[in-house]
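Asks: return a 3D structure for these sequence lines:
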Amino acid sequence: MEALTHPRQRRKEARPAELMAAALELFVEKGFVGTRLEDVAARAGVSKGTLYLYFDSKEALFKAVIQEGIVPLLEEGAGLVDRFEGSTADLLRALIGEWWQRIGNTHLAGVPKLMISEAGNFPELAIYYNDTVIVPGRDLMRRTLQRGIASGEFRGVDVETAIDVIFAPVLMMLIWRYSMGACCGTSHDPEAYLKTHFDLTLGGLLDPDRTRTAR
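Replies: Residues are numbered from 1 along each chain as shown. Okay, here's the model as predicted:
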């Protein structure tokens, strides 16, 4: 059936994804205010009128970028937590690794800095991002930490505070990359940074009594 599909039809079906990819690049480069729909259309290689066939506003386009780019990955993460059979340390490592490969190492990594800088001007988008990304992301980490505590692998910690402490260095790395890093460079390799962050996090989470017993 795919071979019989007209090339123009395949092109039409691909346009929303092409528009979202172009929009993401421009949002990260220019910010939400600085991104114009005509620029998105031009980068995607279509007319502005064609863009309006799929998205009726810049807000709708931004929400589509989040819905199609980040939400499925959070859903996959939830599934991973549900079915994971190894240690919680390995689960945490898998979640961080998947996050880096699918988000941190792509243009999607620029979205947190974008939201921090634009939240005050566009509270509706900030609320949408919070409800769609931050709340589910925190839930993933909450369930992971609770899993480790319940099994005795992790020591008892204030879970909500621990979530903030685990996320903060990662967010700082991304914010630096898309702000000061653009002119001042970076002093670290992202993968080495994440490995060190994971090692330090795990060192604080593992139950020392259980670790000594295992040795």
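Asks: can you pull the buried residues of the longest helix seen in the chain?
Replies: Assignment by DSSP state H gives helix 7-34 as the longest helix of the chain. Buried residues in helix 7-34, defined by neighbour count with 16 or more other CB atoms under 10 Å: 15-16, 18-28, 32. In short, each C-beta sits where N, CA and C put it, glycine included.
Asks: can you list the domains in this structure?
Replies: 2-62, 70-214 (automatic domain parsing).
Asks: could you dump those into CSV with mean pLDDT added?
Replies: Below are the domains of the chain laid out as CSV (pLDDT from 0 to 100):
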stretch, mean pLDDT
domain 2-62, 84
domain 70-214, 90
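Asks: so what's H107 up against?
Replies: Contacts for H107 (CB atoms under 8 Å, 6 or more residues apart in numbering) come out as L24, E25, V28.
Asks: how much space is there between E76 and H107?
Replies: 19 Å (CB to CB, to the nearest Å).
Asks: is it true that R102 touches I70?
Replies: No: using CB atoms under 8 Å, R102 is not in contact with I70, being 9.0 Å away.
Asks: circling back: helix or strand right after the longest helix of the chain?
Replies: Using DSSP states H and E, the helix or strand that follows helix 7-34 in sequence is helix 37-44.
Asks: could I get the buried residue list for whichever helix or strand comes after that following helix?
Replies: Scanning forward in sequence from helix 37-44 by DSSP H and E, the next helix or strand is helix 48-54. By 16+ other CB under 10 Å, the buried positions in helix 48-54 come out as L51, Y54.
Asks: and the contacts of helix 48-54?
Replies: R15, P16, L19, L37, E38, V40, A41, A44, L61.
Asks: tabulate the CA atom coordinates of whatever helix or strand D139 lives in in CSV.
Replies: If you go by DSSP H and E, D139 is part of helix 135-151. The C-alpha coordinates for helix 135-151 follow below in CSV (Å, rounded to 0.1, in the frame of the first residue of the first chain):
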residue,chain,number,x,y,z
VAL,A,135,4.1,16.7,36.7
PRO,A,136,4.5,13.4,34.8
GLY,A,137,8.3,13.7,34.9
ARG,A,138,8.2,14.2,38.7
ASP,A,139,5.8,11.2,39.0
LEU,A,140,8.3,9.0,37.1
MET,A,141,11.1,9.9,39.5
ARG,A,142,8.8,9.7,42.5
ARG,A,143,7.8,6.1,41.6
THR,A,144,11.4,5.2,41.0
LEU,A,145,12.6,6.5,44.4
GLN,A,146,9.6,4.9,46.2
ARG,A,147,10.4,1.6,44.5
GLY,A,148,14.0,1.8,45.8
ILE,A,149,13.0,2.7,49.3
ALA,A,150,10.3,0.1,49.5
SER,A,151,12.8,-2.6,48.5
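Asks: after it, which helix or strand is next? Please name it.
Replies: For helix 135-151, the succeeding helix or strand toward the C-terminus, using DSSP H and E, is helix 159-177.
Asks: look up the closest residue to K30, ignoring the ones flanking it.
Replies: Once flanking residues are discounted, K30 sits nearest to D39: 7.9 Å by CB to CB, 6 or more residues apart in numbering.
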